[in-house]
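> Task: produce atomic coordinates for the following.
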Amino acid sequence: MYDLELMQYLLDLQGYLVIENALSPSEVAALNQLIDAQQLPPPGKTERFGSAPEGSGFLDWGKPFCDLLDHPLLMPILRFQLGDCFRLDRLYGMYMRNGMPRGQLHADYGATARNVNVQPGEYFPFRTNQIYNGFVVVTWNLADAGPDYGGFCCIPGSHKSHYKLPRSIAEHPEEMPCVIIPEAPAGSIVLFTEALTHGTAAWRGQHERRALLYKYCVSHVAWTAKRVAPPTTTALTSRQQILLREPGDPHLHFPSLFEGVDAP
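Alright, predicted model coming up:
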């Protein structure tokens, strides 16, 4: 049994949250087998696979990938962050082999973001003890990640910072104690807001890193003009279909994901 109140508090405090045992070992194995069946090229020139919006991405690789769209553990947390009306904006997988270098620390919103000087669109204020957050990333870990291996890294609490990331941290994150690599075993979820300063640490594990990233946003926001297409191999539930809808104003042009839908 998960303590939703505790998870909400930690996600607001840290900007990220690790939930262990979200997937069973057999579910992790099934997803890895489906990825193996794609016969992907070895990781090297790219760290990504199965990306969308360029078609359906890895949603077309089997029902287990679609089942993660509205996983019952996930939806109450996303509801707290994004409200009743949100959509899947994009997705991709990440894989790395031993010796692959780190990525750049970045944030897609806030003082460090490239769009920091853009006039913000209409948005909700904080009210009635609820967070209003534009984008949340859900990373499903299909292999052990953490300080001993590499993978997701971040600066906890940086989503609330009013100052741009200093160059000394950006250029040497592995030397800075403020940059952490949280323990994220296979089967765990890492959730984080896109306002968090985050990145990818160099991979030191002898095994291959594998993770699936699903990126959700409030219904009237979009990262790109392109959309994730419904898969051709799996029939989606009504709730999953809503997650792939075009952007629209919540409740007016975009329905609730929690009322009148066939949820798991």
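> pretty sure residue 64 is touching residue 28, no?
No: using CB atoms under 8 Å as the test, residue 64 is too far from residue 28 to be in contact (9.9 Å). C-beta: built from backbone N, CA, C; applies to glycine.
> So which of those two has more stuff around it?
Just comparing residue 64 and residue 28: by other CB atoms under 10 Å the higher neighbour count belongs to residue 28, 21 against 16.
> a helix runs through the more buried one, doesn't it?
Yes: counting by DSSP: H, G, I helix; E, B strand; the rest coil, residue 28 is part of a helix.
> Can you give me every residue that contacts it?
Going by CB atoms under 8 Å, 6 or more residues apart in numbering, residue 28 touches 142, 186, 187.
> do residue 78 as well
86, 136, 138, 216.
> at 7 Å what do you get?
By CB atoms under 7 Å, 6 or more residues apart in numbering, the contact set of residue 78 is 86, 136, 216.
> now residue 257
Here residue 257 is in contact with 84, 85, 86, 239, 242 (criterion: CB under 7 Å, 6+ apart).
> still on that earlier bit, quick one: the contacts of residue 78 as a markdown table, columns for distance to residue 254 and secondary structure too.
As requested, the contacts of residue 78 are exported to a markdown table (distance: CB to CB, whole Å; DSSP: H, G, I helix; E, B strand; the rest coil):
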| residue | distance to residue 254 | secondary structure |
| --- | --- | --- |
| 86 | 9 | strand |
| 136 | 17 | strand |
| 216 | 13 | strand |
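> Go through those and give me the one with the most neighbours.
Neighbour counts for the contacts of residue 78 peak at residue 86, which has 27 neighbours (criterion: other CB under 10 Å).
> and it, how far is that from residue 181?
Between residue 86 and residue 181 the distance is 28 Å, computed by CB to CB, to the nearest Å.
> got it, and residue 44?
Counting by CB to CB, the separation of residue 44 from residue 181 is 21 Å.
> Give me the more crowded residue out of those two.
Taking other CB under 10 Å, residue 44 and residue 181 do not tie; residue 181 has more neighbours (21 against 11).
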